[in-house]
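Enquirer: Structure of the sequence below:
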Amino acid sequence: MTDFAIRPAQACDPTDRAALERLFLLFRHDMTAFSGELPRPDGAFRADWLHAVLADDPAWAAYLFHLGEHPVGFAFVRNLTGPGPIILNSFFLVNAARRRGYGLAAALDVVRRRPGTWEVAFQDANTAASAFWPRLAQAAGGDGWVLEHRPAPRPQMPPNAWISFTVPAATL
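Expert: Here you go, the predicted model:
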């Protein structure tokens, strides 16, 4: 994994912006398998989260994942200005980078940058996410994680599964 890197994305950098926009479309496409959401008439997907990240909203942060020179994924984090838990809002790796350990490495890197209480939502039908997020919660915070179901923000969707865990501050 020596050529795998995780770094904060810069919304003002045209290269980062373009990578986030393109990867976000792939992410939204992947999520249609679980949400049933179709693109709008212009072919675009709802992009509220992307717009918040690209607007440099202080409550949001974005991270880009690279394999060498290739952008292969991202994480969007929200609720950075509190109160309440930090939310790992969106997380994506291109198919060619999956199941090689990069996802867990990236997710751990992102959550360990900000000790505290974290939450991640996913759909039970997404079996890969249902297996992945408990592994992250265990690796990041130990046995104290909790899984619960909450109504989805749009009534046509099934309830979301939410994992909550606490990332301890680094000890010296």
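
Enquirer: Now do the helices in the chain.
Expert: For the chain, the helices defined by DSSP state H cover 14-35, 48-54, 102-112, 127-141.

Enquirer: on contacts alone, who are the packing partners of the second one?
Expert: When you say that, I think you mean helix 48-54. If you count contacts as 3 or more CB pairs under 8 Å, 6 or more residues apart in numbering; DSSP states H and E, helix 48-54 packs onto helix 14-35, strand 60-67, strand 70-78. From N, CA and C alone the C-beta is placed, and that goes for glycine too.

Enquirer: tell me which residues of that helix are tucked away?
Expert: 49, 50, 52, 53, 54 (16 or more other CB atoms under 10 Å).

Enquirer: What is the nearest of these to residue 120?
Expert: residue 49 (13.8 Å; CB to CB).

Enquirer: Just the pLDDT at that closest one, thanks.
Expert: pLDDT for residue 49: 65.

Enquirer: Can you get me the start-to-end distance on stretch 59-77?
Expert: 8 Å (CA to CA, to the nearest Å).

Enquirer: I'd like to check what contacts it. Which residues are they?
Expert: The contact list for stretch 59-77, computed with CB atoms under 8 Å, 6 or more residues apart in numbering, reads 3-9, 11, 16, 19-20, 23-24, 27, 49-50, 52-53, 78-81, 86-94, 96-97, 102-103, 106-107, 109-110, 114.

Enquirer: Among those residues, the buried ones, what's the PyMOL command?
Expert: Buried residues among the contacts of stretch 59-77 (16+ other CB under 10 Å), as a PyMOL selection:
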select buried, resi 4+6+9+11+16+19+20+23+24+27+49+50+52+53+78+79+86+87+88+89+90+91+92+93+94+97+102+103+106+107+109+110
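
Enquirer: pLDDT-wise, which helix or strand of the chain ranks last?
Expert: helix 48-54 (a mean of 71; mean pLDDT, DSSP states H and E).

Enquirer: and that helix, how far out from the chain's middle?
Expert: Distance of helix 48-54 from the chain centroid (CA atoms, centre = their mean, to the nearest Å) equals 13 Å.

Enquirer: send the alpha carbons of that helix over as PDB?
Expert: Output of helix 48-54 as PDB, limited to C-alpha atoms (Å, rounded to 0.1, in the frame of the first residue of the first chain):
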ATOM      1  CA  ASP A  48     -26.400  18.600  -2.100                       C
ATOM      2  CA  TRP A  49     -23.400  17.100  -0.300                       C
ATOM      3  CA  LEU A  50     -21.000  17.800  -3.200                       C
ATOM      4  CA  HIS A  51     -22.100  21.400  -3.300                       C
ATOM      5  CA  ALA A  52     -21.500  21.900   0.400                       C
ATOM      6  CA  VAL A  53     -18.000  20.400   0.100                       C
ATOM      7  CA  LEU A  54     -17.200  22.500  -3.000                       C
END
